[in-house]
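Asker: Generate coordinates for the sequence data below:
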Amino acid sequence: MQMTINGYVGGLNGENDWMTWNPDDEFIAFLSSLIDSSDTLLLGRKTAEGIIPFWESTAEKNPAHPFAKKIADIPKVVFTKTLDKSTWNNTTLAKGNLAEEIARLKKENGKDILVFGGADFVASLIKERLIDEYHLIINPTAMGNGMTIFNSLDRIEKFTPIQSKLYPGGKTVLSFTPKNE
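Answerer: Model prediction:
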């Protein structure tokens, strides 16, 4: 999940103009390793409507892009209450109970399940304690107000740090696992 140094993951209307993008080889390798260790990508509908067409188009226009084809090709599950069918390649819709759908996916054989943001979707996953590992990508920016992913918590959530890394391009990745107490 990309965020500002003060914890916002989007502007008040979901803007992402605060994100910095100065990719370096190490950061690209990190993102690629996350995708390579996964065989399913979960998205909320709003995020899917932007990300899936973007990466499919990027993969088509630039087949040498370091991870566009990987994102375009990975099976995707879009959580939605409004869509009745998927118009994207390699994508299915999940319309049932969030916790039940995630539990079903976790029982399937395969690699890790990766989640690409969307503040509301990720906040729902956090609230239901459905995330096993967090990779918070901190951009060297701040803003006065915006969307967060931890605003739905009704408890204190504790984490075990597993890694922190500053990349040459300026992003810092903080990785944690939840302490399920």
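
Asker: C-alpha only now, for contacts and for neighbours.
Answerer: OK.

Asker: Was I right to think Phe27 contacts Lys165?
Answerer: No - if you go by Cα atoms under 8 Å, Phe27 and Lys165 don't touch, sitting 9.6 Å apart.

Asker: Who has more neighbours out of the two?
Answerer: Remark: of Phe27 and Lys165, Phe27 carries more neighbours, 20 against 12, as counted by other Cα atoms under 10 Å.

Asker: Enumerate every residue touching that one.
Answerer: Listed by Cα atoms under 8 Å, 6 or more residues apart in numbering, the contact partners of Phe27 are 167, 169.

Asker: buried sites along the helix or strand it falls within?
Answerer: For Phe27, the host element (DSSP states H and E) is helix 25-36. Across helix 25-36, burial judged by 16 or more other Cα atoms under 10 Å covers 27, 32, 35-36.

Asker: neighbours of Pro161, just the number please.
Answerer: Around Pro161 there are 14 other residues, counting by other Cα under 10 Å.

Asker: Point to the residue nearest the middle of the protein.
Answerer: Closest to where the C-alpha atoms of the chain average out (Cα atoms, centre = their mean) is Phe116, at 2.0 Å.

Asker: any idea of the pLDDT on that one?
Answerer: Listed pLDDT for Phe116 reads 90.

Asker: still on that earlier bit, of the buried residues of helix 25-36, which is the nearest to Ile149?
Answerer: Nearest to Ile149 among these: Ile35, at 21.5 Å, using Cα to Cα.

Asker: Now do the contacts for the closest one.
Answerer: Contacts of Ile35 (Cα under 8 Å, 6+ apart): 70-71, 114.
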